[in-house]
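**Q** Return a 3D structure for these sequence lines:
(2 chains)
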Amino acid sequence: MTQGDYSQGPYGRVERNYGALGSTFGEALVSVEGLTVAQGERRFVDDVSFTLAPGERVGLIGASGSGKSLTASAIMGLLPEGLTASGSVRFGDRELVGASERTLSRLRGKELGMVFQEPMTALNPAMRVGRQVAEALTVHGTSRREATDRARELLDRVGLPERTARAYPHELSGGQRQRVLLAAALANDPALLLCDEPTTALDVTVQAQVLELIAEAVRERGTTLLFITHDLAVVASVCERVLVCRDGRIIEEGPVRAVLSEPEHEYTRRLVEAAL
Amino acid sequence: MTGGPNDGQTRTGTATDGDVLVSVRDLERTYRGGVEALRGVSFDVRRGSRFGIVGESGSGKSTVVRLLAALDRPTGGSVTFDGTRIDHLRDRDLGFLRKRLQIVFQDPMGSLDPRMRVRDIISEPLGRARGRDERVAELLDAVGLPGDAGRKYPHQFSGGQRQRISIARALAPRPEVLIADEAVSALDVLVRKQILDLLDRLAGEFSLTMVFVSHDLGVVRRVCDEVAVMRRGEIVEQGPVADVYDAPRSEYTRSLVAAAPRLETVLSEKE
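**A** Prediction:
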């Protein structure tokens, strides 16, 4: 995959050019096969397989400890110390499991965007947020001047006023910080956006706004979305398909409406019953 | 949704049956520096009812909890507990309230002394009363913890089990009112359901009056008969849960309800 292959069509994902992936629409952008995350004998993610089609919005649900976050971290190559991944994660024509840190860091923030739950830990407290968004571009080769202009556009796109660019993270609310992270994640127009409980720590009304932004952004750009959450109503409103994770395995998957209206697996049923 | 005590339907009958146990009138709390945490809040909690208070951060709901439990004093207005004004009582005169009103907080780890065994944590509110061991055994059983849990320390339990310990301790003095202050907010979804089911059962078993404070509209809908919606130190709307959720009168409540749709609503819209 070379730079600039993700031409952004004005009409959403059908316009998107996936030629560089050697795939026609409908083939997988991400293909996970037999992914296992373990620490010695102990398996936290156990032989997980699934695919994400270009432009598809997929939810990954499960109780805490089900392995959903580690699955995401493994895709990003960001596993905590001591955990190792085996199996295969194909991203376009590349293998991510076992890829060098150099390869991964070129992909992360460029073709793989991510937004996590706690924006404060993902932002540099000592750097103005406009610069942090710009840095997402400059580390991948954009000139500083262009990056600064783009950062302003991106902050505007996520509904932040212009003066926000000069603010430090602690001067912003939780919702504003999450918007900054989203702006940075979208800066390079990634092919895959990975969100791990991006709104969990936010107030209800702010949650709804940030969700709406994410949903809009991915629809507009035809970004593939992997959305991790414990909130089934959120999955139902944002995603087309859902994977249900339990004890490190995917135990059920299918169209979001079918799975959540008529769950086949007893565990999925319990999750649905626990939804408020 | 199935299995909840409310199933989205309210039990409005029970909400109006009892006499008023807790009455709050024109409550104000202004902190030094002029921060108005509460700006004239009034509501009644009837005996045996389940009263919900929802609001986002900064709405003043935690301040209400502190004043209901007389952990803080209002700068205006009154709090009456079963006919007795408690808002300006001295600490030594509040003994009766500490027995009759108990609170379960969000973070069980923060409210359980890590150096104490569970049996001592639970029996602490009982003082040197006789029959402590029997009472501890009874309480452990009531909250669904094994009998040997009393010998262990808080860190040996999961988050959900620790919340069961907090509930057991709160129930020890046989309170009439149980305040749950974000009591299930830190819990995993499946555990949250277990704890809500537990509180539901205990409320019936021990004829508790419950005050449920949460940022989570879903929790309050599931558990409560009546609800007050708070914003910036004021109650913007209150009434039976079904009325407030299904036909909100205030713009703010409407936006809150719209921001946190129920799963079944989203699914039916997807058809």
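**Q** and residue 255, what does it touch?
**A** Let's take chain A. Shown in contact with A:Pro255 (CB atoms under 8 Å, 6 or more residues apart in numbering or on different chains): A:240-242. All C-beta atoms are positioned from the backbone trio N, CA, C, and that covers glycine.
**Q** should've been chain B
**A** A:Thr205 are the contacts of B:Ser255 under CB under 8 Å, 6+ apart.
**Q** Mind doing that once more with 10 Å?
**A** By CB atoms under 10 Å, 6 or more residues apart in numbering or on different chains, the residues touching B:Ser255 are A:204-205, A:208, B:248.
**Q** again with A:Arg257
**A** A:Arg257 is in contact with A:236, A:240-242, B:266-271, counting by CB under 10 Å, 6+ apart.
**Q** For the contacts of B:Ser255, work out which two are farthest apart.
**A** A:Ala208 and B:Pro248 (15.1 Å; CB to CB).
**Q** quick revisit: which among the contacts of B:Ser255 end up buried?
**A** Neighbour-count burial (16 or more other CB atoms under 10 Å in any protein chain shown) applied to the contacts of B:Ser255 gives A:204, A:208, B:248.
**Q** mind checking how far the last one is from chain A?
**A** Just to be clear, that refers to B:Pro248. To chain A, B:Pro248 is 13 Å away according to CB to the nearest CB, to the nearest Å.
**Q** So that residue belongs to a helix, correct?
**A** No: looking at B:Pro248 with DSSP: H, G, I helix; E, B strand; the rest coil, it is coil, so not inside a helix.
**Q** Return the helix or strand in chain B with minimum mean pLDDT.
**A** Ranking every helix and strand in chain B by mean pLDDT, DSSP states H and E puts helix B:12-17 at the bottom, with a mean of 47.
**Q** for chain A, what are the nearby residues on the stretch 51-200 of chain B?
**A** B:54-59, B:158-159, B:184, B:187-194, B:196-197 (CB under 10 Å from any CB of the partner chain).
**Q** residues contacting the residue of the stretch 101-250 of chain A found nearest chain B?
**A** Of all residues in the stretch 101-250 of chain A, A:Ala208 sits closest to chain B, at 3.6 Å by CB to the nearest CB. Listed by CB under 10 Å, 6+ apart, the contact partners of A:Ala208 are A:199, A:202, A:234, A:237, B:255-256, B:258-261.
**Q** A:Leu155: helix or strand, and which one exactly?
**A** helix A:144-157 (DSSP states H and E).
**Q** The stretch 101-250 of chain A against chain B: which residues are in contact?
**A** Counting by CB under 10 Å from any CB, the stretch 101-250 of chain A sits next to chain B at A:173-174, A:202-209, A:211-212, A:230-238, A:240.
**Q** Wait, B:Arg100 touches B:Pro173, no?
**A** Yes: using CB atoms under 10 Å, B:Arg100 is in contact with B:Pro173, at 7.9 Å.
**Q** Let's test this: what are the backbone torsions at A:Thr103?
**A** The phi/psi pair for A:Thr103 (degrees, to the nearest 10) reads phi -60, psi -50.
**Q** and it, how many neighbours?
**A** 14 (other CB atoms under 10 Å in any protein chain shown).
**Q** correct me, but it touches A:Lys110?
**A** No: applying CB under 10 Å as the test, A:Thr103 and A:Lys110 come out as separate, 11.4 Å apart.
**Q** how many neighbours does the residue lying closest to A:Val133 once chain neighbours are set aside have?
**A** Nearest residue to A:Val133 in three dimensions, chain neighbours excluded: A:Ala151, at 4.0 Å (CB to CB, 6 or more residues apart in numbering or on different chains). A:Ala151 has 26 neighbours, counted by other CB under 10 Å.
**Q** repeat for B:Arg130
**A** With other CB under 10 Å as criterion, B:Arg130 counts 8.
**Q** Contact partners for whatever residue of the stretch 51-200 of chain A ends up closest to chain B?
**A** Proximity of the stretch 51-200 of chain A to chain B (CB to the nearest CB) peaks at A:Ser64, 4.2 Å away. Listed by CB under 10 Å, 6+ apart, the contact set of A:Ser64 reads A:197, A:230, B:159, B:187-191.
**Q** Select from these every entry located in helices.
**A** Of those, the ones assigned to helices by DSSP state H are B:159, B:189-191.
**Q** Who are the contact partners of B:Ser268?
**A** Counted by CB under 10 Å, 6+ apart, B:Ser268 has contacts A:236, A:257, A:261, B:262.
**Q** So which of the residues you listed are in helices?
**A** Reading helices off these with DSSP H, I get A:236, A:257, A:261.
**Q** Report the beta-bridge partners for the one residue sitting closest to the centre of chain B.
**A** The centre of chain B sits closest to B:Ala180, judged by CA atoms, centre = their mean, with a distance of 2.2 Å. Counting by DSSP bridges, B:Ala180 is bridged to B:Val104, B:Phe212.
**Q** how near is it to B:Ala170?
**A** 9 Å (CB to CB, to the nearest Å).
**Q** Can you give the distance of the following helix or strand past the least confident helix or strand of chain B from its chain's centre?
**A** Next helix or strand after helix B:12-17 toward the C-terminus (DSSP H and E): strand B:20-31. For strand B:20-31, the separation from the chain centroid amounts to 16 Å (computed by CA atoms, centre = their mean, to the nearest Å).
**Q** in its sheet, what does strand B:20-31 sit against?
**A** The sheet places strand B:20-31 alongside strand B:35-46 (antiparallel), strand B:76-81 (antiparallel), with pairing taken from DSSP bridges.
**Q** OK, contacts around A:Ile232?
**A** No, residue A:232 isn't Ile; it's Leu. So A:Leu232 contacts A:59, A:61, A:242, A:256, A:259-260, A:268, A:271-272, A:274-276, B:189, B:262-264, B:266-267 (CB under 10 Å, 6+ apart).
**Q** What about the residues you listed, which are in strands?
**A** A:59, A:61, A:242 (DSSP state E).
**Q** Let me have these in a markdown table, extended by neighbour count, distance to A:Lys68 and pLDDT.
**A** Formatted as a markdown table, the ones in strands among the contacts of A:Leu232 follow (neighbours: other CB atoms under 10 Å in any protein chain shown; distance: CB to CB, whole Å; pLDDT from 0 to 100):
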| residue | neighbour count | distance to A:Lys68 | pLDDT |
| --- | --- | --- | --- |
| A:Gly59 | 28 | 10 | 97 |
| A:Ile61 | 29 | 7 | 95 |
| A:Val242 | 24 | 11 | 97 |
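**Q** Which elements pack onto the helix or strand bottoming out on mean pLDDT in chain A?
**A** When each helix and strand of chain A is scored by mean pLDDT, DSSP H and E, helix A:119-122 comes last, with a mean of 74. For helix A:119-122, the elements it packs on are helix A:174-186, judged by 3 or more CB pairs under 10 Å, 6 or more residues apart in numbering or on different chains; DSSP states H and E.
**Q** Which strands or helices does the helix it packs on pack on?
**A** Using 3+ CB pairs under 10 Å, 6+ apart: helix A:174-186 touches strand A:112-115, helix A:119-122, helix A:129-138, helix A:144-157, strand A:192-196, helix A:204-221.
**Q** Report the angle between it and helix A:144-157.
**A** 130 degrees (axes from the mean of the first three to the mean of the last three CA atoms, to 10 degrees).
**Q** still on that earlier bit, let me know the closest of the contacts of B:Ser255 to B:Gly127.
**A** A:Val204 (41.3 Å).
**Q** give me the low-pLDDT residue ranges for chain B?
**A** Residue ranges of chain B with pLDDT under 70: B:1-17, B:108, B:271.
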